[in-house]
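Undergrad: take a look and give me a structure for this.
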Amino acid sequence: MRCVKDFSYCKASELRNMLLYGLLPLIRSFLPVQLAAHLALYVAAMRLLHGPRTLGDATEIIANELMINYYRDHQSFYTSIQNFVLHLHVHYANQYRLHGSLSNLGTFGQESLLGHFAKNRHGTHHFGELITNNYNVDFTIHNQPNSHSSSRNIEIDGIFDLHDSSISRALHEYHNALCICDKIDQCISIYRRCRLKHTVYHSLLYRRRGSSVSYFVQYSKGHDDNLFGKIDLFFKCNNKNFALIHNHRLKHLFTDYFLSSNYHDILLKALDVYFYVLHHTSTFTDVVTVDKISNMCIVFTFNDSLVVTPLSSSYEHD
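TA: Numbering: from 1, shown residues only. Coordinates of the predicted model:
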């Protein structure tokens, strides 16, 4: 995400990331609670519509309820900007039900699609026929069968990037719990990276990640699906792949920031699924099989806590 001071240079993808992930954690302390909570209605609705059915069959219903409340009170906070684009948001729930997540279509697809055809209308006034015809032509061209063989290697899920490092005392203890052999040097091998469902996760051992926080993940253990932490390393033991994770415990609900707002009750239905407030420091480590890692997270660091938000979707259609 680009800095706010460079807002005029933001690309569409950066604007989307700012809206979905960064806006609420960063701006909440600068706005009155009621105004920040009203903005949270929009962000929560868009997060619901942008990803998979996080709330099951109720996903688009709750998203629509959030959007209606946002739309209803919009003029109480902003003046002279109640335009047609704002009204289009009310139809997003039906679009989600018919066509799926906004990540399949583009979060701001309605502006870019209509704008593209408006520039290339070739003098006609029959926009409906023109849009349908050009869209069908584009779809046909891009879905022609390709008989050329690909030289790309097939990406296989699992850990990779073997790392030659000494085995720590903690890893000794985990080995003793996982295996009964006495040849730990032959039994355990350490790795820096892991690929799961086309996403590459890094560990803290991987030094070439740049400024990317690609080691902070959401994972599950037992009956708890909402655990978070930093991946210290990956290792193989007994032909199974594991991750050693420094866990950060939940501090309080993100919606607690909006307790004094009129929108608190409705925000409870969705916002805490996407934003989590964690303790700043880790107090213990977990070992889980890599298939328990469910998502990569975006992390915002504050003096006394971390605010993390899992990715809604790892891709978006242009």
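Undergrad: where do the strands sit along this protein?
TA: Taking DSSP state E, the strands of the chain run over residues 158-163, 189-196, 199-202, 216-221, 224-237, 240-247, 250-253, 276-279, 284-289, 293-301, 305-310.
Undergrad: would you format the ones you listed as a markdown table with mean pLDDT, mean neighbour count and distance to I266 included?
TA: All C-beta spots, glycine's among them, are computed from the backbone N, C-alpha and C. A markdown table is the format used below for those (pLDDT from 0 to 100; neighbours: other Cβ atoms under 10 Å; distance: least, Cβ to Cβ, whole Å):
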| stretch | mean pLDDT | mean neighbour count | distance to I266 |
| --- | --- | --- | --- |
| strand 158-163 | 92 | 16 | 42 |
| strand 189-196 | 93 | 20 | 34 |
| strand 199-202 | 92 | 19 | 32 |
| strand 216-221 | 96 | 20 | 24 |
| strand 224-237 | 93 | 20 | 21 |
| strand 240-247 | 95 | 20 | 31 |
| strand 250-253 | 96 | 14 | 14 |
| strand 276-279 | 97 | 20 | 19 |
| strand 284-289 | 94 | 15 | 34 |
| strand 293-301 | 94 | 17 | 24 |
| strand 305-310 | 95 | 21 | 19 |
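Undergrad: and those as CSV, adding distance to L15?
TA: Compiled in CSV, the strands of the chain are given as follows (distance: least, Cβ to Cβ, whole Å):
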stretch, distance to L15
strand 158-163, 33
strand 189-196, 28
strand 199-202, 23
strand 216-221, 23
strand 224-237, 26
strand 240-247, 32
strand 250-253, 27
strand 276-279, 24
strand 284-289, 35
strand 293-301, 15
strand 305-310, 16
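Undergrad: closest one to N143 among the ones you listed?
TA: strand 199-202 (25.3 Å; Cβ to Cβ).
Undergrad: for stretch 17-35, the averaged confidence score.
TA: The average pLDDT for stretch 17-35 rounds to 90.
Undergrad: next one: stretch 57-77
TA: On average, stretch 57-77 scores 92.
Undergrad: tell me the domain boundaries of this protein?
TA: According to automatic domain parsing, the chain comprises the domains 4-109, 158-310.
Undergrad: all helices of the stretch 51-200 of the chain, in order?
TA: Along the stretch 51-200 of the chain, the segments classed as helices by DSSP state H, counting those that start in this stretch run 59-72, 74-77, 84-88, 92-99, 109-119, 127-142, 169-178, 184-187.
Undergrad: against S312, how distant is S220?
TA: Distance of S220 to S312, computed by Cβ to Cβ, to the nearest Å: 18 Å.
Undergrad: now swap in T199 and tell me
TA: T199 sits 13 Å away from S312, going by Cβ to Cβ.
Undergrad: same check, this time on L253
TA: Taken as Cβ to Cβ, the span from L253 to S312 is 19 Å.
Undergrad: can you check F300 too?
TA: For F300, the distance to S312 - Cβ to Cβ - is 16 Å.
Undergrad: contacts only, for F242.
TA: By Cβ atoms under 8 Å, 6 or more residues apart in numbering, F242 lies in contact with 174, 178, 234-236, 287-290.
Undergrad: which of those residues sits closest to F160?
TA: For those, the nearest to F160 is F234 (8.7 Å; Cβ to Cβ).
Undergrad: kind regards, and thank you for your time.
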